[in-house]
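**Q** please work out how this folds:
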Amino acid sequence: MTRGSLSFGKWYSEIAANPVGVTLLLAVAVLVPRISWFTILGGRLPLPVQDQALYVRSAVAVSQGRGLSFSREMALARRGRASNSPLADEWVLNPDYAFGLAPVDQPTAVMEPGYSLLLGLVFRVFGPVAGGVWVLNLAFSLIGAFAMLRLMEKFGEKEALSAALLWALYPPLVFYSAHAMTETAHAAMLVVCTALLFHNRSSVRGAFAAGLCIGAFFLIRATGVILLPLAILYVGIRKWRLWLALSLGFALAVSPWVIRNSISVGSPVLMPTKGSLNLWMRNHPGALAEEGIIVPASIPVNSPELLAYPSYEEYPGEVERSRELGRSAMEFMKANPRLMLWLSAQRALHFLSPGGSTLGRRAFWAGLALMVPLMVLGGAGLAREFRKPETRFLVAVFAAYLLMHTVAHGGTRYRIPSDMVFMAGAAMLLHRRRKQS
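**A** Residues are numbered from 1 along each chain as shown. As a prediction, this is how the structure comes out:
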């Protein structure tokens, strides 16, 4: 080992052991690339718009005291974006419904409330400006980076700092930190919940706090619900006090949402009602074709009548429409096992892709240079430390994300939050090698 590498290793060890130095280094690693990215964008939100307009309009409604609802203006804006779609007549072009699902100017449970509520509060302070999005996402970025530091403490100081720096500097996370969408909050909350679990495995009070955090995560992104069964397995099914505390914490966190829906929507809805629309669209050959996913002619499409959009007269309410969409989507999936196998394989490939399917060609090549080495190094590190329950939990998180999106929705964008698993593994491998040298 060279003198230079020894000097760097000694310096890095000293920094990792110094709380003040770690805090300053990690704050710089979070703030500099993100503020630079915001500056390059000229203070505007990135293009393409994707779902940003939906979250911004929803947050504006919250900031103006109108709550979680879709105005006719919001529905018309969505209608304009999808008016060229051959399926638009079925689910977009009715001006009385947003997404063909939620009656306009009425309380809705279409989407998770967390991000819209937080962004709405920021808009109350700064006004409905792009800078408000940046402030909220910067806050989540800082929270996520320091949570990553906490998550990895059990593996060592240098491992913790390296993993946190990887998370802070990871280009896809920097890229999405400028978007008015839930990606940054999602990535941060996944790390925060995991860190709480790792440090509260034997504490009833800590398990309750972890359950509260998972519930808060769910209110930002419904994906968070997958952590609850994984957390119960991690603390141990036989330790009923711990998993009961986890479950109670989760239930307490989501109870305001469920109670609100029971009063305002007419049903104690937990999962956002748009989930049934996503299930319908992600298995609809016509909708898939619009995204460039062409079902091979050799695969038959059985029971196409199940893809008919629910009648507005027969199912006028949001909850009723969502239930009917979910029922018909599930029946269609059961009637088409070959199609579902083919789509699942496609979604798994898109989920594991370095980029491209969601982010474009440039992102694909960037992903090859970034994500592939990260997965290789991280996978090796996870394998070497697999005997630890924390490592097995991290592997289970990535496996759960893969399976969940294989069933529902593939794409690199949905994998990025779970890339923290490989960041942790890469940090394990890096410093394991140094210890053995």
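**Q** test my guess that residue 273 contacts residue 100.
**A** No - when contacts are counted by Cβ atoms under 8 Å, residue 273 is not listed as touching residue 100 (11.6 Å). Any C-beta I mention is one placed from the backbone N, CA and C, and that applies to glycine too.
**Q** who touches both of the two?
**A** Common neighbours of residue 273 and residue 100 (criterion: Cβ atoms under 8 Å, 6 or more residues apart in numbering): residue 321.
**Q** surely residue 249 and residue 206 touch.
**A** No - look at residue 249 against residue 206 with Cβ under 8 Å: they stay out of range, at 9.8 Å.
**Q** between those two, who's got more neighbours?
**A** Per other Cβ atoms under 10 Å, whichever of residue 249 and residue 206 has more neighbours is residue 249, with 25 against 19.
**Q** nearest spatial neighbour of that one, skipping sequence neighbours?
**A** Nearest residue to residue 249, sequence neighbours excluded (Cβ to Cβ, 6 or more residues apart in numbering): residue 211, at 2.4 Å.
**Q** what's near enough to touch the closest residue to residue 306 other than its chain neighbours?
**A** Distance criterion Cβ to Cβ, 6+ apart; nearest residue to residue 306, sequence neighbours excluded, is residue 332 at 4.1 Å. Shown in contact with residue 332 (Cβ under 8 Å, 6+ apart): 283, 303, 306-307.
**Q** residue 332: which element?
**A** Using DSSP states H and E, residue 332 maps to helix 318-335.
**Q** alpha carbons of that helix, as PDB, please.
**A** What follows is helix 318-335, C-alpha atoms only, in PDB (Å, rounded to 0.1, in the frame of the first residue of the first chain):
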ATOM      1  CA  GLU A 318     -64.700   7.600  -6.800                       C
ATOM      2  CA  VAL A 319     -64.600   4.600  -4.500                       C
ATOM      3  CA  GLU A 320     -67.100   2.700  -6.500                       C
ATOM      4  CA  ARG A 321     -65.200   3.400  -9.700                       C
ATOM      5  CA  SER A 322     -61.900   2.500  -8.200                       C
ATOM      6  CA  ARG A 323     -63.300  -0.800  -6.900                       C
ATOM      7  CA  GLU A 324     -64.800  -1.700 -10.300                       C
ATOM      8  CA  LEU A 325     -61.500  -0.800 -12.000                       C
ATOM      9  CA  GLY A 326     -59.600  -3.000  -9.600                       C
ATOM     10  CA  ARG A 327     -62.100  -5.900 -10.000                       C
ATOM     11  CA  SER A 328     -62.000  -5.800 -13.800                       C
ATOM     12  CA  ALA A 329     -58.200  -5.400 -13.800                       C
ATOM     13  CA  MET A 330     -57.700  -8.400 -11.600                       C
ATOM     14  CA  GLU A 331     -60.100 -10.500 -13.600                       C
ATOM     15  CA  PHE A 332     -58.300  -9.600 -16.800                       C
ATOM     16  CA  MET A 333     -54.900 -10.600 -15.200                       C
ATOM     17  CA  LYS A 334     -56.400 -14.000 -14.200                       C
ATOM     18  CA  ALA A 335     -57.700 -14.500 -17.700                       C
END
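**Q** and that helix, how far out from the chain's middle?
**A** Relative to the centre of its chain, helix 318-335 is centred 24 Å away, using Cα atoms, centre = their mean, to the nearest Å.
**Q** what comes up buried for that helix?
**A** Neighbour-count burial for helix 318-335 flags 318-319, 321-326, 328-329, 332-333 (criterion: 16 or more other Cβ atoms under 10 Å).
**Q** before we move on, what SS does residue 272 have?
**A** coil (DSSP: H, G, I helix; E, B strand; the rest coil).
**Q** for residue 396, see how far away it is.
**A** 24 Å (Cβ to Cβ, to the nearest Å).
**Q** what's the neighbour count on residue 65?
**A** When neighbours are defined as other Cβ under 10 Å, residue 65 has 8 of them.
**Q** just the pLDDT for the residue nearest to residue 249.
**A** On pLDDT, residue 211 comes in at 97.
**Q** now do residue 36
**A** 95.
**Q** tally up the residues packed near it, please.
**A** By other Cβ under 10 Å, 11 other residues sit near residue 36.
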